[in-house]
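Undergrad: Return atomic coordinates for the entry below.
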Amino acid sequence: MTETPKRAQRAGHGADTIYWDPVKKSYVGAVSLGYAPNGKRRRPKVYGKTKTEVRQKIRDLKKEIQTGVKAPANYTVADAVNDWLERGLKGRDEKGTIGKNRSMANKHLIPFIGKAKLKELSADDVDDWLDDRAAFLATRSLRDLLAILRRSVAHAQRRDKAARNVALLVTAPEGRPGRPSKALRLDQAKAVLIAARPSRLYAYLVLSLLSGVRTEEGRPLTWDHVFLETTDGIPPHVAVWRSVRKHGETKTRKSRRTIALPKQVVDVLEEHKRWQKQERAARGMEWSAAGRVFTTRSGEPLDAANVRRDFKAIVKRAGLKAEWTPRELRHSFVSLLSDHGIPLERIALLVGHSSQATTEAVYRKQLRPVITQGAEAMDDIFAEDQEGEDEGQGDVVA
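TA: Numbers count the residues shown, from 1 in each chain. Take a look at the predicted model:
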């Protein structure tokens, strides 16, 4: 006796339904959301190639409704990143923070996952993208990229354009080894200064190497913050109160400092000042005490890219590889002081760090290990006694 096949149950009133649409050649899922204020039934639809796909889309749709977030269907990762760069970084430095993030996004993010729809982006997609970039970028750069994506999606969430931030579920992988910072040896530093003597950058490089100011602090330095004479017992000094950062602020509050100048720096700056006044007069330009110490021939502020380019040419003339950068003059300053026995706490004050821990972490390769001093001292203290014991044992054996 054959059994009568059960008839498919009809969906109840107001229930979700899934059916095949022969015209669209896909499954359709209809979700009942009651009625709109005008009395019209609210029944949005989703489409998929399989029933499983449609069921997942129905669940996602319901989740959006519950959270109150309706992610635009065509809103892409590139849209989210560009929105964050345009609206999420207001007040930041256009050439600094925004420029750096935009450059990284345009090179390593948007070309690879920019076309993906944000609502469909998965943690696996982000993992695959970062794993691919790990073959070309350092670990620090991968972390910066992931941070850009996280902040972009978070910005989209605040605008009700994303329900969740899948980038928070991902950890940046290990990338290529980064380029380690280096410090010039004393003989190399002297060679660089000799090679720089005919250059407009000479005074700038002397100040950077012999006083430890950051490159971003040296470029906006003005003459009214440079004191080249001893007054009321106060030696020649430079007041580092500004930088090329947004609003002219220094990197940290501790970075605002007043540094005594070595005699060689004073001599070089005095010569640079006389030369600058003569150059201004020859060009019919007025010299101002509030003007910048370091400028181009036309009196414009120094540009970081031009400084790097000219510095490479100088280190080549000094017989070094062109891989050195101006910021490594500051590393060299720390290294030379440490080799000379200057305590870590003094170096931290000179370079404007908020704590000794920062100096030790950033310049750990340039600092002479202080921890060995105890052992070295004890070796010296007990050296004579050890020698006496050795001599005594020698007498006994004899």
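Undergrad: And the strands in the chain?
TA: In the chain, the strands defined using DSSP state E lie at 17-21, 26-30, 45-48, 226-227, 237-240, 257-260.
Undergrad: Quick one: closest of the ones you listed to residue 120.
TA: Residue 120 lies closest to strand 45-48 among the strands of the chain, at 12.5 Å (C-beta to C-beta). The C-beta positions use only the backbone N, C-alpha and C, and glycine is treated the same way.
Undergrad: mind listing what's buried in the closest one?
TA: 46, 48 (16 or more other C-beta atoms under 10 Å).
Undergrad: list the contacts for residue 102?
TA: Taking C-beta atoms under 8 Å, 6 or more residues apart in numbering, we find residue 102 in contact with residue 85.
Undergrad: got CSV for the strands of the chain, with mean pLDDT and distance to residue 324 too?
TA: Output for the strands of the chain, formatted as CSV (pLDDT from 0 to 100; distance: least, C-beta to C-beta, whole Å):
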stretch, mean pLDDT, distance to residue 324
strand 17-21, 90, 66
strand 26-30, 90, 62
strand 45-48, 86, 58
strand 226-227, 91, 26
strand 237-240, 85, 23
strand 257-260, 80, 23
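Undergrad: Put together TSV for those strands, with distance to residue 196 on each row.
TA: Formatted as TSV, these follow (distance: least, C-beta to C-beta, whole Å):
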stretch	distance to residue 196
strand 17-21	75
strand 26-30	71
strand 45-48	68
strand 226-227	19
strand 237-240	19
strand 257-260	21
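Undergrad: what's the closest of the ones you listed to residue 90?
TA: Comparing the strands of the chain by C-beta to C-beta, strand 237-240 comes nearest, at 28.1 Å.
Undergrad: Among the strands of the chain, which comes closest to residue 284?
TA: strand 226-227 (24.4 Å).
Undergrad: mind listing what that closest one pairs with, with the direction of each?
TA: Using DSSP bridges, the strands paired with strand 226-227 are strand 237-240 (antiparallel).
Undergrad: With just CA atoms, put the partner strand into CSV.
TA: C-alpha atoms of strand 237-240 as CSV (Å, rounded to 0.1, in the frame of the first residue of the first chain):
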residue,chain,number,x,y,z
HIS,A,237,70.5,78.2,23.1
VAL,A,238,67.7,77.4,20.8
ALA,A,239,64.0,77.2,21.9
VAL,A,240,62.3,74.3,20.3
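Undergrad: Could I get the buried residue list for it?
TA: 237-238, 240.
Undergrad: And stretch 81-101, by the same measure?
TA: Under the neighbour-count criterion of 16+ other C-beta under 10 Å, stretch 81-101 has 81-85, 88-89, 98, 101 buried.
Undergrad: can you tell me which of those residues are in helices?
TA: 81-85, 101 (DSSP state H).
Undergrad: ok, the buried residues of strand 237-240 vs residue 327, which is closest?
TA: residue 240 (15.3 Å).
Undergrad: Make sure the closest one is actually in contact with residue 216.
TA: No: Residue 240 lies out of contact with residue 216 (C-beta atoms under 8 Å); the separation is 10.4 Å.
Undergrad: just for the stretch 201-350 of the chain, where's the confidence low?
TA: 241-256, 343-344, 347-350 (pLDDT under 70).
Undergrad: those helices in it, which residues are they?
TA: Using DSSP state H, counting those that start in this stretch, the helices of the stretch 201-350 of the chain run over 202-211, 215-218, 263-282, 304-317, 328-339, 344-351.
Undergrad: Quick one: list the elements packing against the fourth one.
TA: What it means is helix 304-317. When contacts are defined as 3 or more C-beta pairs under 8 Å, 6 or more residues apart in numbering; DSSP states H and E, helix 304-317 packs onto helix 186-196, helix 202-211, helix 215-218.
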